[in-house]
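Undergrad: Whatever this is, show me its structure:
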Amino acid sequence: DASTTGRKQQVLLEFMRLLGASKGKERSVNWYAEQLCITVKYLQAICRSTTNSTPTQIINQVAINEIKSLLSDTNMTIKEVAMQMQFSSASSFCKYFHRLTGMSALSYREQR
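TA: Take a look at the predicted model:
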């Protein structure tokens, strides 16, 4: 029904707004659900039905885009980028980047 569709779109828009504001520094689906005053399950259902992606996939995409931009447009060290993106360590940052892109942050920067 139309009111449910409107609500879903509203929640999705608000999720995207929060995501844009955090630029992927906040990567916990739980955090976004809390900010939106909804359950993780409801956020997952909305994302799946409207974007065909999970909240995690959407968050990761935004985070990776921000990281790629920091790597190619700044002279920040890998460690500085990791800190800027609020990773607990450069090592966890590097693992995250490699897992999602299939390449190291350093080789991404060097190919730019």
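Undergrad: where along this protein do the helices fall?
TA: Secondary structure of the chain (DSSP state H): helices at 2-22, 29-35, 40-51, 55-73, 78-84, 90-101, 105-111.
Undergrad: what is the rounded mean pLDDT of stretch 79-97?
TA: For stretch 79-97, mean pLDDT is 97.
Undergrad: Now that stretch - C-alpha only, CSV.
TA: Extracted in CSV, the C-alpha atoms of stretch 79-97 (Å, rounded to 0.1, in the frame of the first residue of the first chain):
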residue,chain,number,x,y,z
LYS,A,79,47.6,5.1,8.3
GLU,A,80,46.1,8.6,8.2
VAL,A,81,43.4,7.4,5.8
ALA,A,82,42.7,4.5,8.2
MET,A,83,42.4,7.0,11.1
GLN,A,84,40.3,9.4,9.1
MET,A,85,37.9,6.6,8.3
GLN,A,86,37.8,5.5,12.0
PHE,A,87,39.4,2.1,11.6
SER,A,88,40.9,0.7,14.8
SER,A,89,44.2,0.1,13.1
ALA,A,90,46.0,0.5,9.7
SER,A,91,46.0,-3.3,9.6
SER,A,92,42.2,-3.7,9.9
PHE,A,93,41.8,-0.9,7.3
CYS,A,94,44.1,-2.7,4.8
LYS,A,95,42.2,-6.0,5.3
TYR,A,96,38.9,-4.2,4.8
PHE,A,97,40.0,-2.5,1.6
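Undergrad: what comes up buried for that stretch?
TA: Within stretch 79-97, the residues scored as buried using 16 or more other Cβ atoms under 10 Å are 81-82, 84-85, 87, 90, 93-94, 96-97. Every residue, glycine included, has its C-beta placed from N, CA and C.
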